[in-house]
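Novice: When you get a sec, could you give me coordinates for this:
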Amino acid sequence: MEDNQLFPRLKDLCRRCISKNIPTNTFFLTPREQIEAQNYARAELELTPVFFGGYEDAERKIAFFLPDYIEPSAESLSDSLRAVCAVSPFASLSHRDYLGALMNIGIERECIGDILFFDGKCYFFLTPAVAPHVLSSLVRVGREGVSLSEVPLNSLPSFVKDVKEITFTVQSMRADAVIAGIFRISRSLCQDLFPKGDISINYFPCMDRDFPVSEGDILSLRHHGKAKILKADGRSRKGRIFVTAGIYC
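Specialist: Residues are numbered from 1 along each chain as shown. Below is the predicted model:
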């Protein structure tokens, strides 16, 4: 969703929540859109949205505006999305396969949340309006037959993302130094990647190699992966900062 569509939509949802005293929500938002929505709401709106994507570490999430009588929790937000489990016992299908199959039956991307694999099964999240169509129409993914069933959110497995922790030191928390340390590339090579648009910080492209980063920031390097700065404190005898980062596997 483009900014010129997202912001008016957020303003309208916020207004409806306040005037009618009812919960309102968007479709699924990307991580970048979530940041944009949060920043816009803090600056321009009377309410700040809460975000939920079906499980704790979801990447794609729905933004909710809630009246005072509703406490934000998985239980109170669960009516606004559905979880589906897909089984294809004789095939190894990918995220791209399932996303393509869903879009081929007419499902818009904003109606689809995360697509995950666990214990030989695929789980994905949908907005309630499209779930019945998917459950009745999606019988094949690529050339492979699949069987679908809806799963209550409180019955989902624990989707714990694998994170590899590494620790290194930097002279300062400049983006180029930290990214070079995380992805084990040379500082000079890292600096060359900024003008190419290969580096993103908190899901926004970053062209400034001097950009300061801090704990909690998400750093992405094209073709290498994504990592989160978990800790940046303490100094070595030479005055370098100890950094701990988690690389998403």
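Novice: For the chain, which strand extends over the most residues?
Specialist: Once the chain is assigned using DSSP state E, the strand that runs over the most residues is strand 225-235.
Novice: Just checking, which helix or strand succeeds that one along the chain?
Specialist: strand 241-248 (DSSP states H and E).
Novice: quick one: the lowest-mean-pLDDT helix or strand in the chain to chain centroid distance?
Specialist: Taking mean pLDDT, DSSP states H and E as the measure, helix 74-77 is the helix or strand of the chain with the lowest mean score, a mean of 88. A distance of 19 Å separates the centroid of the chain from that of helix 74-77, by Cα atoms, centre = their mean, to the nearest Å.
Novice: Please apply the same query to stretch 97-110.
Specialist: The gap between where stretch 97-110 is centred and where its chain is centred comes out at 18 Å by Cα atoms, centre = their mean.
Novice: residues contacting residue 13?
Specialist: Under the criterion of Cβ atoms under 8 Å, 6 or more residues apart in numbering, the contact partners of residue 13 comprise 24-26, 63, 65. All C-beta atoms are positioned from the backbone trio N, CA, C, and that covers glycine.
Novice: what helices or strands is the helix or strand following the least confident helix or strand of the chain leaning on?
Specialist: Moving toward the C-terminus from helix 74-77, the first helix or strand encountered (DSSP H and E) is strand 82-87. Counting by 3 or more Cβ pairs under 8 Å, 6 or more residues apart in numbering; DSSP states H and E, the packing neighbours recorded for strand 82-87 are strand 121-126, helix 131-137, strand 147-151.
Novice: Generate TSV for the ones you listed, with mean neighbour count, distance to residue 210 and mean pLDDT as supplementary columns.
Specialist: Conversion of the helices and strands packed on strand 82-87 to TSV gives the following (neighbours: other Cβ atoms under 10 Å; distance: least, Cβ to Cβ, whole Å; pLDDT from 0 to 100):
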stretch	mean neighbour count	distance to residue 210	mean pLDDT
strand 121-126	21	38	97
helix 131-137	15	46	97
strand 147-151	14	47	96
